[in-house]
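Participant: pasting the sequence and the predicted coordinates here, then a few questions.
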Amino acid sequence: MASQKKPTVRIELTEEQRKKIRQATGKDAAAIEFSAEELEDRIAPSSFNPDADLA
């Protein structure tokens with residue numbers, strides 16, 4: 001049985017976003033990729049936590 005590849009969403013980062021990631025992590029990133037499920041969880045989490053750090 002062949003495994004199905006989940007669709008992914010790729011978001012290209014701006015130079016400013018790349019700089020922020022480099023400053024925060026010390027790593028370079030040109031884009032971020034999420035599965036459709038991961039992206040949905042980030043956009044519309046199943047529970048609301050008002051104390052969550054959104055930054």
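Facilitator: Received, thanks.
Participant: look at the closest residue to residue 8 other than its chain neighbours and give its secondary structure.
Facilitator: The spatial neighbour of residue 8 that comes closest, neighbours along the chain excluded (CB to CB, 6 or more residues apart in numbering), is residue 33 at 5.1 Å. Where you see a C-beta, it was placed from the backbone N, CA and C, and this is true even at glycine. Secondary structure state of residue 33, per DSSP: H, G, I helix; E, B strand; the rest coil, is strand.
Participant: what pairs with residue 10 across the strands?
Facilitator: With DSSP bridges applied, the residues forming beta bridges to residue 10 are residue 33.
Participant: so it is in contact with residue 30, correct?
Facilitator: No - if you go by CB atoms under 8 Å, residue 10 and residue 30 don't touch, sitting 9.8 Å apart.
Participant: overlap in contacts of the two?
Facilitator: Taking CB atoms under 8 Å, 6 or more residues apart in numbering as the contact criterion, residue 10 and residue 30 have no common neighbours.
Participant: for the protein, what spans make up the helices?
Facilitator: Counting by DSSP state H, the chain has these helices, from start to end: 15-25, 36-43.
Participant: now do the last one: everything it contacts.
Facilitator: Okay, so that is helix 36-43. Helix 36-43 is contacted by residues 6-9, 34 when judged by CB under 8 Å, 6+ apart.
Participant: so among the residues you listed, which ones count as buried?
Facilitator: Among these, none is buried by neighbour count (16 or more other CB atoms under 10 Å).
Participant: for the residues you listed, give me a markdown table that also has pLDDT and distance to residue 41.
Facilitator: Formatted as a markdown table, the entries for the contacts of helix 36-43 read as follows, by pLDDT from 0 to 100; distance: CB to CB, whole Å:
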| residue | pLDDT | distance to residue 41 |
| --- | --- | --- |
| 6 | 78 | 13 |
| 7 | 85 | 15 |
| 8 | 89 | 14 |
| 9 | 88 | 12 |
| 34 | 90 | 9 |
